[in-house]
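Novice: Turn this into a model:
(2 chains)
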Protein chains: 2
Amino acid sequence: MRYISSTTVDGICGRQFVLGDIPGTLWTPAGGGGGPLILIGHGGRQHKAAPAVVAGARRFVTGLGAAVAAIDAPGHGDRPPITPPWHGRRPSLPEVVAFNAALAALAVPDWQAVIDALPDGPVGYWGTSLGAGIGIPLAAAEPRIGAAVLGLAAGPLDAAAEVTVPVEFLLQWHDELVPREQALALFDALGSADKTLHANPGGHGDVPAFEHDSSVRFFARHLGDPRV
Amino acid sequence: MRYISSTTVDGICGRQFVLGDIPGTLWTPAGGGGGPLILIGHGGRQHKAAPAVVAGARRFVTGLGAAVAAIDAPGHGDRPPITPPWHGRRPSLPEVVAFNAALAALAVPDWQAVIDALPDGPVGYWGTSLGAGIGIPLAAAEPRIGAAVLGLAAGPLDAAAEVTVPVEFLLQWHDELVPREQALALFDALGSADKTLHANPGGHGDVPAFEHDSSVRFFARHLGDPRV
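Specialist: Now for the predicted structure:
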């Protein structure tokens, strides 16, 4: 992991890194942490510096003393583009799920390399939409992931059944991209004995701010932050 | 409101009262509160001193500085029994919903009398199962209720549409008494713009303990506890 630049704002140190061909950012408490490692997976057509990613990173650093890593997903951000085949029209949900599954096959080893490159300790994953499409196979494949916040997705169902760690699952009751029944089916498919569904009114982009605080508490509960 | 007895344990003062023919308990912080009034509605075949009620009261007093009131529902606890018509067999869910709706018609004025008898201020309601069967019509009818935690119920749907205050709705994914689809339909029917669904694995009696902490935060968020 090679660090390219570093800035410290409001007690949070943000470092840009490259790991092989993976561009990423690592946020840590400037005064030292001691909390878990939280991985943040961005949504489709977003990237590691999207506002939601940066805001999440700040919450987890501040609320958990966490180190937080975000990387550009394959085909996103500073990486070579991977063009989806639905130019000029809106894709069907099965097309999106299938495309995201292919990206996930590339992204899972990326995330495993990031975990390898950072100090050992508890690891959580936070990602919705494409971030869940990648996070579900990652949580199924990678035993170092101890807890995950996922949601706003309809698949992949098979990998979901192999997830056994605690999951907090976000669902938007009027999601214009993911029909309610399919999101409920994905929650139902999760193999985790300890899973909790949080559903709120509004569309795909309308997850209420109080859910971010809930994510902090969820990770604290399951990754053993001694301060809560 | 006539107080019959009083005990103070761990900084919480619990007073038994009678208001007309309604027996109840009022818990307050022994050192003074300043928090909201939280009403707790017990479940079917339970009463105002059931362990879940007392545990909830302690959480709201401690976490919110609240005054907490619980009363015996009509036909329950120290009140004259109201015998349901299904002796010797298990009732259907529509029978339970109908019976609870009749109890609610009696219970709503009881709760309104309790609110009348206590100092003005923000009021929340917490109740699941029968407690929701009563709490939904109460929240629909009584404008002094500012927020409610409800759940584990399938009705009443009509009253739910008239509820407009913020609701946190608890659902058990494997509820043996309330089918998932019917509980989801009740959440869907709630007229509140601000409503949030928390679903967890397990049966009717298996709501996880962390949901109790979430109820405290929900009331703090909506009833304006200045300490959070």
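
Novice: Would you indicate which residues of stretch A:161-170 are buried?
Specialist: Neighbour-count burial for stretch A:161-170 flags A:163, A:165-170 (criterion: 16 or more other Cβ atoms under 10 Å in any protein chain shown). C-beta coordinates here come from the backbone N, C-alpha and C atoms, glycine included.

Novice: How about it and chain B, touching?
Specialist: No. Under the criterion of Cβ under 8 Å from any Cβ of the partner chain, chain B is not reached by stretch A:161-170; the shortest gap measures 8.7 Å.

Novice: For that stretch, C-alpha coordinates in PDB please.
Specialist: Provided in PDB are the C-alpha atoms of stretch A:161-170 (Å, rounded to 0.1, in the frame of the first residue of the first chain):
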ATOM      1  CA  ALA A 161     -27.500 -17.300   1.900                       C
ATOM      2  CA  GLU A 162     -23.800 -17.900   2.600                       C
ATOM      3  CA  VAL A 163     -23.500 -14.700   4.700                       C
ATOM      4  CA  THR A 164     -23.500 -15.700   8.400                       C
ATOM      5  CA  VAL A 165     -22.200 -12.500  10.100                       C
ATOM      6  CA  PRO A 166     -24.500 -10.000  11.800                       C
ATOM      7  CA  VAL A 167     -26.200  -7.700   9.200                       C
ATOM      8  CA  GLU A 168     -28.100  -4.400   9.400                       C
ATOM      9  CA  PHE A 169     -30.100  -4.200   6.200                       C
ATOM     10  CA  LEU A 170     -31.500  -0.900   4.900                       C
END
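
Novice: Return the residues in contact with residue A:147.
Specialist: By Cβ atoms under 8 Å, 6 or more residues apart in numbering or on different chains, residue A:147 lies in contact with A:124-125, A:165-167, A:218-219, A:222-223.

Novice: helices and strands around the top helix by length along chain A, which ones?
Specialist: When chain A is parsed with DSSP state H, its longest helix is helix A:93-117. Judged by 3 or more Cβ pairs under 8 Å, 6 or more residues apart in numbering or on different chains; DSSP states H and E, helix A:93-117 is in contact with strand A:12-19, strand A:22-29, strand A:37-41, strand A:67-71, helix A:130-141.

Novice: Of the buried residues of stretch A:161-170, which is the nearest to chain B?
Specialist: Set against chain B, the nearest of the buried residues of stretch A:161-170 by Cβ to the nearest Cβ is residue A:169 (8.7 Å).

Novice: Cross-check the contact I'm expecting between the closest one and residue A:189.
Specialist: No. Between residue A:169 and residue A:189 there is no contact under Cβ atoms under 8 Å: 10.6 Å.

Novice: I'd like the distance between the residue nearest the centre of chain A and residue A:215.
Specialist: The residue lying closest to the centre of chain A (Cα atoms, centre = their mean) is residue A:127, at 2.4 Å. With the distance defined as Cβ to Cβ, to the nearest Å, residue A:127 ends up 11 Å from residue A:215.

Novice: related to what we said a few turns ago, with respect to chain B, which of the helices and strands packed on helix A:93-117 lies nearest?
Specialist: Closest to chain B of these is helix A:130-141 (Cβ to the nearest Cβ; 16.9 Å).
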